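Trainee: coordinates only, sequence not included:
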């Protein structure tokens, strides 16, 4: 029987997290998706996320199989939304899932949904009933995972770093 669970990342996890993110960049490039192709996210951001206590790792059979950051509070990229709206406004109390990726060694094993569902559970335990996420318009695989986990499309947001378009999604839990 396999064991899969989520835990908060430590600095000791940084090499595995960086490898997963770098492999995801290569995979996105191979899919001709212009997401994470400008150096973002870099090791400094990943390290800071761990220091801030917002990075989680998915452990599958004692191996780091996935990673994500769970931002808590206002995300400046979500303050303005086009062609739609957030269910409870832009400045509500919410968590945002960012920098989510699964190791290439575990592709095809359907671990994205357990990773996402665990992040939803942690959000609820932290008191966040409103959870948001975004992805590149061409990233159909991530859109499928987002939709499969119950998120609803809300509109378009722009990343402040380079003004690129992202599809925005939201899930409100009880």
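Mentor: Structure's in. What do you need? Since this is a predicted model, take the numbers as computed values, not measurements.

Trainee: What is the top helix by length along the chain packed up against?
Mentor: Secondary structure of the chain per DSSP state H: the longest helix is helix 14-30. In terms of contacts (3 or more C-beta pairs under 8 Å, 6 or more residues apart in numbering; DSSP states H and E), helix 14-30 is packed against helix 43-51, strand 55-60, strand 63-72, strand 95-102. (C-beta placed from N, C-alpha, C; glycine too.)

Trainee: 10 Å instead?
Mentor: Helix 14-30 is packed against helix 43-51, strand 55-60, strand 63-72, strand 95-102, helix 140-148, with contacts defined by 3 or more C-beta pairs under 10 Å, 6 or more residues apart in numbering; DSSP states H and E.

Trainee: give the contact list for the closest residue to residue 32 other than its chain neighbours.
Mentor: Distance criterion C-beta to C-beta, 6 or more residues apart in numbering; nearest residue to residue 32, sequence neighbours excluded, is residue 138 at 7.4 Å. Contacts here follow C-beta atoms under 10 Å, 6 or more residues apart in numbering; on that basis residue 138 touches 28, 31, 32, 33, 34, 35, 167.

Trainee: can you pull the pLDDT of residue 95?
Mentor: On pLDDT, residue 95 comes in at 97.

Trainee: tally of neighbours for it?
Mentor: If you count neighbours by other C-beta atoms under 10 Å, residue 95 ends up with 24.

Trainee: What of residue 80?
Mentor: The tally of other residues near residue 80 (other C-beta under 10 Å) stands at 12.

Trainee: try residue 118
Mentor: Using other C-beta under 10 Å, residue 118 is surrounded by 19 other residues.

Trainee: Quick check: it touching residue 65?
Mentor: No: the pair residue 118 / residue 65 is not scored as a contact, 11.7 Å apart, by C-beta atoms under 10 Å.

Trainee: quick revisit: just the buried residues of the contacts of residue 138.
Mentor: Using 16 or more other C-beta atoms under 10 Å as the burial test, those include 28, 33, 35, 167 as buried.
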